[in-house]
Every structure is written in structure tokens, then in C-alpha cells.
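S.K.: Give me a model of this one.
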Amino acid sequence: MAQSSVRIVAEVHDEPHIEGRRVTVRRIQGLVEEAGKSAEAVADQLDLDVADVYGALQYYHSHPDEMAAVERQRSERETAAREAGAVSLSELNGDESA
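M.R.: Numbering: from 1, shown residues only. Just a heads-up that it's a prediction; the model follows:
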């Protein structure tokens with residue numbers, strides 16, 4: 001079985017991301033599986049190799065407990081920020097439909 005050359009690390013964001021990049025595994029998963037973009041389109045959008053995209057997806061699905069914890073932490077940080085008075089990007093842009 002061939003080894004992947006994509007290294008996923010978590011030392012910068014406290015969230016798994018592609019080594020040497022600020023692109024998180026969760027962002028790639030969201031673009032491909034939630035937004036329905038192709039792996040090739042995501043690779044082009046984020047200036048990655050297609051192998052990086054597939055490596056991130058493999059990591060996401062191989063580490064469900066870790067990814068669930070990441071999502072919980074993100075949700076808790078967002079809630080705390082809102083309670084502290086943070087506004088959404090839509091609100092900052094003056095978008096009344098948000």
C-alpha cells in the first residue's frame with residue numbers, strides 16, 4: 001500500500017491542517033462534502049495539490065472523534081465571541097438579510 005505524502009499537523013491552529021499551510025482539514029471537508037465542490041476545484045481554489053485535498057478528506061474520516069472535538073471547540077469559541085459582542089461578517093458588511 002502506498003504511503004501518502006500529505007502531512008496533517010495541528011500545532012498552529014489547534015486544528016488539523018496541511019503542514020506548511022493554514023488550510024484546515026475541516027475547511028477542505030466542508031468545501032468538498034458540504035458545499036459539493038470537486039476535489040480538483042478545491043485544490044485550484046486553495047492552491048493545493050489534489051492529493052492534499054484527498055489526504056485531508058482521508059484524515060477527516062479516519063479521525064472522527066478528533067474532528068468532532070474540533071467542531072465542538074469551534075462552536076464554543078463562536079458562542080463565547082457572540083456573547084462578548086462579536087458580530088458576523090454579514091453584519092460587518094451591512095448585509096441586512098443575514
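S.K.: Which secondary structure element is home to the closest residue to A39 other than its chain neighbours?
M.R.: Ranked by CB to CB, 6 or more residues apart in numbering and with sequence neighbours excluded, the top spatial neighbour of A39 is V53, at 4.4 Å. The way it works is simple: take the backbone N, C-alpha and C, and place the C-beta from them, glycine included. Secondary structure assignment for V53, by DSSP states H and E: helix 50-62.
S.K.: I'd like to know the average pLDDT value across that helix.
M.R.: Across helix 50-62, the average pLDDT comes to 96.
S.K.: got it, and stretch 67-81?
M.R.: For stretch 67-81, mean pLDDT is 90.
S.K.: Can you tell me what sits against that stretch?
M.R.: D14, E15, P16, V25, R26, Q29, Y60 (CB atoms under 8 Å, 6 or more residues apart in numbering).
S.K.: How many neighbouring residues does the last one have?
M.R.: The burial count assigned to Y60 is 22, neighbours taken as other CB atoms under 10 Å.
S.K.: Repeat that for the second one.
M.R.: Number of residues near E15 (other CB under 10 Å) recorded here: 17.
S.K.: List the residues that contact the residue nearest to A39.
M.R.: I28, V32, A39, V42, A43, L46.
S.K.: do the same with L46
M.R.: R21, V23, I28, V53.
S.K.: what angle do the longest helix anywhere in the chain and helix 50-62 make?
M.R.: Counting by DSSP state H, the longest helix found in the chain is helix 64-83. Using axes from the mean of the first three to the mean of the last three CA atoms, to 10 degrees, the direction of helix 64-83 lies 90 degrees away from that of helix 50-62.
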